[in-house]
Every structure is written in C-alpha cells, then in structure tokens.
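Participant: how does the following fold in three dimensions:
(2 chains)
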Amino acid sequence: AQRVTQPEKLLSVFKGAPVELKCNYSYSGSPELFWYVQYSRQRLQLLLRHISRESIKGFTADLNKGETSFHLKKPFAQEEDSAMYYCALKGGAQKLVFGQGTRLTINP
Amino acid sequence: GAGVSQSPSNKVTEKGKDVELRCDPISGHTALYWYRQRLGQGLEFLIYFQGNSAPDKSGLPSDRFSAERTGESVSTLTIQRTQQEDSAVYLCASRAGGNTEAFFGQGTRLTVV
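Facilitator: Just a heads-up that it's a prediction; the model follows:
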C-alpha cells in the first residue's frame, strides 16, 4: 500500500530562518515523490519532484530511500512562502496519494 | 480555458439528496483523479481513471459514492443520499501520463445541510 505521512499539521517560522517540512512514505516499489503547494485562494500546484532534482523558489527536497523520507527544505524562509504544502507519492500503477498537508506560516 | 474545470464551484444540498459533481480535464490527459478535502484535513484519495483501464476505486468511502469517465473526457462523481459528513471540497486532477505533473481544478465545495 502507498502511504504518505506529514507529521506536522502546522509549522511556524520567522522570516529568514531555515524551514524543513517533513515527509515520510511507505511503498514497496520504486516511488516517485512530489511536493505540491496551495497558496491562499489558489489551486493546488506542483512545487517540485524528486526526479528533477531541481530547486524551485529556493526549495529543495532529497529522496532518502534508506529513511523513506522526502523532506522539503529552504535555507531562508520568505513571507510569500506561507501556504499549505502537500507531499505526494506516485506508485507503479500511477496512483497518486497525498499526505495530510502542513500549513506553513512565515512570521515577519 | 486550458486548465482543469470543475462545476459547480459551490453546491448546497439537503441531507438525503443525490448530487453530481463534474470535472473537465485538460484535453489529452489520460489520467484523472478525484480527491476529497474535509475542513482542516488533507487530500483523501477517492478514485483514479487511467485511459480505458478499470478505475482504481479503492478510496471510495462507501457505496453511496460512484464515479464515471467516458474515454479521456469528462468525469462525474455522484454521491447518493448525501450525509452531513460528505461536506467537503471535492478536487479533481488530470495528468498526461508518464512522469508528468497533475493539474488540479479549483474544486467543488459541497455543503450538506
């Protein structure tokens, strides 16, 4: 079974501080991991995916198969990063499942 | 437009009535997903369509829920005999297949009174 766990429902940090949103997954095969973001009054949209190994808006995420984690990190948080963040896993059957989400608030 | 479109945007219905929610995916997208998002909760997987394959219905919470999709076009999610716990935002997403990203609609906010 595919499962994604985001242990923090809420995360609050100050502007300029580092931020890390945790994501752990459970899947027996070779997963594809994503981070999606939902800004206030906007649609859910892709932030980044592990196969691209890219940095988007200063965010990076590394897939750690040993720890079955895909944590999202940014060294210096900005106020516009405040949003709802969802970690997602796509398995071999193309089924896409999401975690419970973490609401990130950046305080000025 | 070129995005995923859902209708209606908002729906208020009386307990016990049936409702039908519609999703227009991006043209050419073979995969289509339905999710439920209750207030303060995450995205709960409901059902997934991939081309002409049998849908993955493993997330449907009860037999009151059903969904259809004809080919690679419109999908409808039907909830029969609605209950108050069905109140949520219902999100639809479509994807072109392979390693492409999923694009989401704006959602239908369902309120059962």
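
Participant: so residue A:60 sits in a helix?
Facilitator: No: Residue A:60: not assigned to a helix; according to DSSP: H, G, I helix; E, B strand; the rest coil it is strand.

Participant: correct me, but it touches residue A:52?
Facilitator: No: using CB atoms under 8 Å, residue A:60 is not in contact with residue A:52; the gap is 10.6 Å. Bear in mind the C-beta positions are built from the backbone N, C-alpha and C, glycine included.

Participant: give me the more crowded residue out of those two.
Facilitator: Applying other CB atoms under 10 Å in any protein chain shown to residue A:60 and residue A:52 shows that residue A:60 carries more neighbours, namely 15 against 11.

Participant: show me what contacts the more buried one?
Facilitator: Neighbouring residues of residue A:60 by CB atoms under 8 Å, 6 or more residues apart in numbering or on different chains: A:48, A:54, A:72-74.

Participant: any chance of these in JSON lines, plus secondary structure, distance to chain B and neighbour count?
Facilitator: Formatted as JSON lines, these follow (DSSP: H, G, I helix; E, B strand; the rest coil; distance: CB to the nearest CB, whole Å; neighbours: other CB atoms under 10 Å in any protein chain shown):
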{"residue": "A:48", "secondary structure": "strand", "distance to chain B": "10", "neighbour count": "21"}
{"residue": "A:54", "secondary structure": "coil", "distance to chain B": "12", "neighbour count": "11"}
{"residue": "A:72", "secondary structure": "strand", "distance to chain B": "15", "neighbour count": "22"}
{"residue": "A:73", "secondary structure": "strand", "distance to chain B": "20", "neighbour count": "15"}
{"residue": "A:74", "secondary structure": "strand", "distance to chain B": "20", "neighbour count": "22"}
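
Participant: looking at the residues you listed, which has the smallest pLDDT value?
Facilitator: Among the contacts of residue A:60, residue A:54 has the lowest pLDDT, at 83.
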